[in-house]
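>>> sharing a model prediction with you, sequence too.
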Amino acid sequence: MSTREKHDRMANAIRFLSMDAVEAAKSGHPGMPMGMADAATVLFGKVLKYDPTDPHWPDRDRFILSAGHGSMLIYSLLYLTGYEGMSIEDIKNFRQLGSKTPGHPEYGHTVGVETTTGPLGQGLANAVGFALAERMLAAQFGSDLVDHHTYVIAGDGCLMEGISEEAIEIAGRQKLGKLIVLWDDNHITIDGPTSLSVATDQLARFEASGWEATRVDGHDPEAILAALERAKTTEKPSLIACRTTIGFGAPTKAGSNGVHGAPLGAEEIAGTRAALGWEAPPFVVPTDVLDAWRLAGLRSRQAHKSWNERLKGTDHDKRGEFERRVRGELPSKFAEVTAGIVAKAQADKTPVATRKSSEIVLEALTAALPEMVGGSADLTHSNNTKTKATSVYVEPPKYDGRYINWGIREHGMAAALNGIALHGGFIPYAGTFLVFSDYCRPSIRLAALMGVRVVYVFTHDSIGVGEDGPTHQPVEQIAALRAIPNLLVFRPCDTVETAEAWKIALERKNGPSVLALTRQNLPLMRTDANERCLTARGAYEIVAASDDAEVSLFATGSEVSLAAAARDLLEAEGIPTRVVSVPSFELFLNQPEETRKQVIGTAPVKVAIEAAIRQGWDAIVGSDAAFVGMHGFGASGPAPKVFAQFGITAENVAATAKARLKKG
């Protein structure tokens, strides 16, 4: 058998597993796997460094299927190359409930899937984070331990989505030469030819952003291999446009949108088998073809063995630190550091904005945790995310810094943070204004879905932004973030709660966290020494009533001190009032019912106070409670006057509580 015949049969195995699985499911996207089978065969058969027996080998090359709708491509490859977590039964159960082969690739669900993709462009932007993490980790531990590439298969939709522009600009600026993107240039989308919506010269676009870009015949394995080998020699990231035929081999549907997102049908599949000379029945891979693929899966075993030997020969302390970082474990001194931050804040008692509180906390944490890498979307001095330990920028050629200037690219930044976290070795955090969390939201949602540790520092968290006006005053954003499952949202009231929020966020390995922080100064509310991390409860009584409480005031962030002032007004009138700080809805709602009842209390009047919309509060205080907050957008003016304009004052809170008492 000639080399080309062997290649064709290996590629056809991908094609027929993909079309047969989609047909069995009566759902899916067969066209992309059929079109990119040749490129994938070259990549996994001759180029990619991986070991199916150890999918988590730290120095493996990363492969990201950004065009996640073509998920049968990666599932076929995982089965063919011998990943233990992927059987032919899993292929047969494509898109079935509980299977290892869901409609789009899911990180943590399927062994060998590096990131969850499907929302187009996300995988490409994640890959920028992967590639950047590789360079940073290599700078810290050396190329003997860290020296690998990141490969991406992206589709037309990935390049159309706006996130792609941010991602390719970041990659070009950072000169990520180990990032190689194979673009499935098939000229087809669901609605029809790409000419309906695109007139962009993509190669020129990428070149303008600092990439190498070339075009090859996506069905010529020698041309694909040559392009991949050439891409590995450049200091720039590379785009290889693979001109392909979507649904390659299908007699009547190839090259059309008819094969993009629907099963081919029995007649078309039979015609494809005849056209490509594939006689095996559905879900059967001929022995010679499967053997060839399994040998391809063993291709990097020697490289893996050599790496293991280098790791064993590494200095004891360096090796221990590398392995700790890869495992994602915090250093033993972490708890001591956070306790010291709290003690220092309580001794100082200086009123500060919680964004400043966060900076104080970060100064200590980043000094103690070398894995923390920070950044901002061009708002460093507003977000207060840069510290002495992270004062050096991450940039070529050294990549030895710990702070990334993402530019004004929140969407690309948030997606790249996911890639950095998924790569391993780092805990990424970055900042922007809370109102611009909307630009980050798709990536935050995926971080929550994947359960990865990313920390978002969102400052200027309310109408307290003041003069910048309603365009920059977040009103609905905090509720929208709280609506995302598996995302912890913290709105701390002072430095102590901010330190505790950071502690929880860093200890949490199975999901992302948001810190929503103020622009305006706030007094220290937690003045009593207490070793317990009260923020971990989600809500707790921060100021007690003088007697059996008649009023309970519930507040977050900057409104906790406002609630305390309202309490003083009510107590002065003989109305026993308590204040409950609610730094995290999610943590509180996860407490046992009895604990929640104790915190909520039995006061006949309950008032929730937050400079945001009410949504979400009813789950805590009930729909019959009063609410002092926002019911629309904000206004431009000095912050105190804006708060007064919308009735978010101690006086109005007290008046609201008294009015409810009279009704009762």
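Here it is on my side, so go on. Numbers count the residues shown, from 1 in each chain.
>>> going by C-alpha atoms from here, please, whenever you check contacts or count neighbours.
Noted.
>>> buried residues in the helix or strand hosting Glu89, which are they?
According to DSSP states H and E, Glu89 maps onto helix 88-92. For helix 88-92, burial by neighbour count (16 or more other C-alpha atoms under 10 Å) applies to 90-92.
>>> equivalent analysis for stretch 187-197, please.
Neighbour counts using 16+ other C-alpha under 10 Å place 187-189, 194 of stretch 187-197 among the buried residues.
>>> got the end-to-end distance for stretch 91-102?
End-to-end span of stretch 91-102 (C-alpha to C-alpha, to the nearest Å): 10 Å.
>>> off-centre distance for it?
A distance of 24 Å separates the C-alpha centroid of stretch 91-102 from that of its chain, computed with C-alpha atoms, centre = their mean, to the nearest Å.
>>> what does stretch 286-300 give?
On C-alpha atoms, centre = their mean, the centre of stretch 286-300 falls 34 Å from that of its chain.
>>> how about residues contacting that stretch?
By C-alpha atoms under 8 Å, 6 or more residues apart in numbering, the list of residues contacting stretch 286-300 from outside reads 6, 9-10, 13, 44-46, 49-52, 80-82, 280.
>>> go again with 10 Å.
6-13, 41, 44-53, 60, 77-83, 278-280, 284-285, 306 (C-alpha atoms under 10 Å, 6 or more residues apart in numbering).
>>> hmm, back to that, what's the most distant pair in the buried residues of stretch 187-197?
The distance between the two most remote of these (C-alpha to C-alpha) is 7.1 Å, for His187 and Thr189.
>>> overlap in contacts of those two?
Joint contacts of His187 and Thr189 (C-alpha under 10 Å, 6+ apart) are 155-156, 195-196, 246, 256-257.
>>> of those, which is the nearest to Gly340?
Using C-alpha to C-alpha, the shortest approach to Gly340 within the shared contacts of His187 and Thr189 belongs to Gly155, at 49.9 Å.
>>> for the closest residue to Lys388 other than its chain neighbours, what are its contacts?
Excluding the flanking residues, the one nearest Lys388 by C-alpha to C-alpha, 6 or more residues apart in numbering is Glu363, at 6.7 Å. By C-alpha under 10 Å, 6+ apart, Glu363 lies in contact with 341, 357, 385-390.
>>> with neighbour count added, can I get those in JSON lines?
Formatted as JSON lines, the contacts of Glu363 follow (neighbours: other C-alpha atoms under 10 Å):
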{"residue": "Ile341", "neighbour count": "21"}
{"residue": "Ser357", "neighbour count": "27"}
{"residue": "Thr385", "neighbour count": "27"}
{"residue": "Lys386", "neighbour count": "25"}
{"residue": "Thr387", "neighbour count": "20"}
{"residue": "Lys388", "neighbour count": "11"}
{"residue": "Ala389", "neighbour count": "20"}
{"residue": "Thr390", "neighbour count": "22"}
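>>> contacting residues around the worst-scoring helix or strand of the chain on mean pLDDT?
Within the chain, no helix or strand scores below helix 334-348, which has a mean of 89 by mean pLDDT, DSSP states H and E. The contact list for helix 334-348, computed with C-alpha under 10 Å, 6+ apart, reads 351, 357, 360-365, 367-369, 494-500, 502-503, 506-507, 524-533.
>>> which ones among the residues you listed map onto helices?
Counted as lying in helices by DSSP state H, out of these, are 357, 360-365, 367-368, 495-500, 502-503, 506-507.
>>> thinking again about what came up before, in helices, which of the contacts of stretch 286-300 fall?
Filtering the contacts of stretch 286-300 for helices - DSSP H - leaves 6-13, 41, 77-81, 306.
>>> give me the low-pLDDT residue ranges for this protein?
1, 664 (pLDDT under 70).
>>> quick one on the thing from earlier: ok, and what's touching the helix holding Glu89?
17-18, 20-25, 72, 75-76, 78-80, 96, 99-102, 282-285.
>>> mind listing the strands for the stretch 351-500 of the chain?
352-353, 372-376, 403-405, 427-433, 455-459, 488-490 (DSSP state E, counting those that start in this stretch).
>>> packing partners for the fourth one?
Other elements packing on strand 427-433 under the criterion 3 or more C-alpha pairs under 10 Å, 6 or more residues apart in numbering; DSSP states H and E are strand 372-376, helix 380-383, strand 403-405, helix 410-423, helix 437-450, strand 455-459, strand 513-516.
>>> now the last one, how far from the centre of its chain.
In this view, strand 513-516 has its centroid 14 Å away from the chain centroid, taken as C-alpha atoms, centre = their mean.
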